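> the sequence isn't on hand, but the structure is:
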């Protein structure tokens, strides 16, 4: 890992660890709400029960957060994970009614919390591209 990746990886990794640990005990209406929003954008997630989905999301966030803060995992690899996770959130943003202004990509007031996650895609792609470019120049 390049030293320049450390601030980004630690900040995003800590955020993911906190988010994942917070979701680990999600049950009832909270799990149902999270599951309902996710299945609206990604129908394949209906095969999971809400509590099961919340646990899976929790484990995924903790795993990604841990991978980001562990320095020996290549930045390109954690960048791919971050990009994929961010792309899933962008799918949620684009497909969920009411999160965008009519006929626009601009977020509505309700959509700001999810639209801001576009930075995950940018951060992930930056890690991937910088790591791959750095490897190419070392050869």
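Looks like it arrived, so ask away. In this text, all values refer to a predicted model and were calculated from it rather than measured experimentally. Numbering: from 1, shown residues only.
> for the residue most central in space within the chain, list the residues it contacts.
Geometric centre of the chain, nearest residue: residue 85, 3.6 Å, by CA atoms, centre = their mean. By CB atoms under 8 Å, 6 or more residues apart in numbering, residue 85 lies in contact with 60-61, 64, 120, 124. Where you see a C-beta, it was placed from the backbone N, CA and C, and this is true even at glycine.
> most neighbours, which of those residues?
residue 124 (26 neighbours; other CB atoms under 10 Å).
> list the helices and strands the one helix or strand it maps to packs on?
Using DSSP states H and E, residue 124 sits within helix 118-138. Packing partners of helix 118-138 (3 or more CB pairs under 8 Å, 6 or more residues apart in numbering; DSSP states H and E): helix 6-23, helix 75-95.
> could you single out the most deeply buried of the ones you listed?
Among the helices and strands packed on helix 118-138, helix 75-95 has the highest mean neighbour count (mean count of other CB atoms under 10 Å), at a mean of 18.
> for that helix, give the mean pLDDT please.
Helix 75-95 shows a mean pLDDT of 95.
> tell me which helix or strand comes right after it.
Next along from helix 75-95, by DSSP H and E: helix 112-115.
> quick one: contacts of that next one?
Outside helix 112-115, the residues that reach it (CB under 8 Å, 6+ apart) are 89, 92-93, 96, 99-100, 107.
> what ranges in the protein fall below the confidence cut-off?
135-139 (pLDDT under 70).
> rewinding a little: of all the helices and strands packed on helix 118-138, which one is nearest residue 69?
Each of those has some distance to residue 69 by CB to CB; the shortest is helix 6-23, at 3.8 Å.
> list of residues touching the next helix or strand after the closest one?
Remark: after helix 6-23, the chain's next helix or strand is helix 28-41, criterion DSSP H and E. If you take CB under 8 Å, 6+ apart as the criterion, helix 28-41 is touched by 23, 26, 45-46, 48-51, 53-54, 57, 91-92, 94-96.
> one more time with 6 Å, if that's ok
Helix 28-41 has contacts (CB atoms under 6 Å, 6 or more residues apart in numbering) with 45-46, 50-51, 53-54, 91-92, 95-96.
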